[in-house]
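Novice: have a look; sequence and predicted model below, questions after that.
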Amino acid sequence: MNNLYNYIKKQYAIINILNALNEREQMKIKVRFYSYVKSRIGKNYIDLDISEGASIKIAINELCKVLGQNFKSMIINKEKGGYNFVFKLNSELVPHDRDDKILKDGDILSIFSPISGG
């Protein structure tokens, strides 16, 4: 009987830990779209609810869930790794290798086509 009690107690503790992880605070960021991305999506921006402490990479993954496979295949470069577009966080350009940058509530993540020309 004591073993059953200890087992149930451990299971209850695990459930409490999992619930705490799922109840992380949410924050809202604004994702703005420019040029080609804007024309493909048909929106100027989207408000995105994500977990507090999320990175740019996590935000992009959430966007892919919200906007679907077409957006995912447009934005993620499978051949080279990384992304096909340029990101700006608030007023700062973000290099592709810095997609681990942590977002804060109210941040504005902008996505636009890379500048090209000759």
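Specialist: Now that the structure is in, tell me what you want to look at.
Novice: list phi and psi for the most centrally placed residue in the chain.
Specialist: By CA atoms, centre = their mean, the chain has its centre lying nearest to residue 59, at 1.1 Å. The phi and psi values for residue 59, taken as degrees, to the nearest 10, are phi -60, psi -40.
Novice: now it: how far from residue 51?
Specialist: 10 Å (CB to CB, to the nearest Å). No exception for glycine: its C-beta is placed from N, CA and C like everyone else's.
Novice: check residue 76 too.
Specialist: 21 Å.
Novice: could you do residue 83 as well?
Specialist: 21 Å.
Novice: do residue 34 as well
Specialist: Taken as CB to CB, the span from residue 34 to residue 51 is 26 Å.
Novice: ok, residue 114 next?
Specialist: 29 Å.
Novice: and what of residue 108?
Specialist: If you measure residue 108 against residue 51 using CB to CB, the figure is 18 Å.
Novice: show me how far stretch 97-110 is from its chain's centre.
Specialist: 9 Å (CA atoms, centre = their mean, to the nearest Å).
Novice: just the CA coordinates for it, please, in CSV.
Specialist: Extracted in CSV, the C-alpha atoms of stretch 97-110 (Å, rounded to 0.1, in the frame of the first residue of the first chain):
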residue,chain,number,x,y,z
ASP,A,97,22.7,33.3,-37.1
ARG,A,98,21.1,35.4,-34.3
ASP,A,99,17.6,33.8,-34.4
ASP,A,100,18.2,32.8,-30.8
LYS,A,101,17.7,36.4,-29.7
ILE,A,102,15.0,36.5,-27.0
LEU,A,103,11.9,38.5,-27.7
LYS,A,104,10.0,40.7,-25.2
ASP,A,105,6.4,41.6,-24.9
GLY,A,106,5.5,44.3,-27.4
ASP,A,107,8.4,43.7,-29.7
ILE,A,108,8.0,44.2,-33.4
LEU,A,109,9.5,41.6,-35.7
SER,A,110,9.7,42.8,-39.3
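Novice: that concludes my questions; thank you for your assistance.
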